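Colleague: pasting the sequence and the predicted coordinates here, then a few questions.
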Amino acid sequence: MTGPQDSTSDPPSTESEGDQVSNGRLFPVNTPHAFPHPKPPRHDHVKIDWSESAGRSASFRIRSHTCECLPTIWELCAAGGLLHIRRTERTPQEERVYESPWIRTPEGIALWAALLEGRAR
Ligand SMILES: [Zn+2]
């Protein structure tokens, strides 16, 4: 049996609690993430039929792209009335570029949305 604890002694330990300044986990300003981050692919996602790009076509226009903070960048490209998605994988050694099949605009926009939402990859 121990005696009753002395509960009247209150150590002054509050000085480390009430002063929580920002610890750097929030970035309300100066965020470089102005473009979307694709969500992780879902287990039932559609697999895009990627093929290695033969090289940059001179005459396509990038309509949208994902955030450049990630090692892989996706770009929605328009050329000749069709859309395709380019996937650029950046490693310290090299860049590898793949492209999706060229599809009509409504399908391309739908595929782009699906990619961003993790329904296609
Ligand atoms: Zn980012």
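Modeller: Good, I have the coordinates.
Colleague: tell me if I'm right that residue 53 and residue 86 touch.
Modeller: Yes. Using Cβ atoms under 8 Å, residue 53 makes contact with residue 86 at a distance of 6.7 Å. Placement of C-beta: from N, CA and C, glycine included.
Colleague: any low-confidence regions in the chain?
Modeller: Across the chain, the ranges flagged by pLDDT under 70 are 1-31, 55-58.
Colleague: can you pull up the most central residue in it?
Modeller: residue 37 (2.2 Å; Cα atoms, centre = their mean).
Colleague: tell me the secondary structure at it.
Modeller: When classified by DSSP: H, G, I helix; E, B strand; the rest coil, residue 37 comes out as coil.
Colleague: so who does the residue nearest to it when sequence neighbours are not counted touch?
Modeller: Nearest non-adjacent residue to residue 37, counting by Cβ to Cβ, 6 or more residues apart in numbering: residue 67, 5.1 Å away. Residues in contact with residue 67 (Cβ atoms under 8 Å, 6 or more residues apart in numbering) are 32-37, 73.
Colleague: and residue 80, by the same measure?
Modeller: 59, 102.
Colleague: where's it relative to residue 105, distance?
Modeller: Distance, residue 80 to residue 105, by Cβ to Cβ, to the nearest Å: 11 Å.
Colleague: identify the contacts common to those two.
Modeller: Between them, residue 80 and residue 105 share no contacting residue, judged by Cβ under 8 Å, 6+ apart.
Colleague: which residues of this structure lie near the ion?
Modeller: Within the chain, the positions near the ion by Cβ under 5 Å from the ion are 33, 67, 69.
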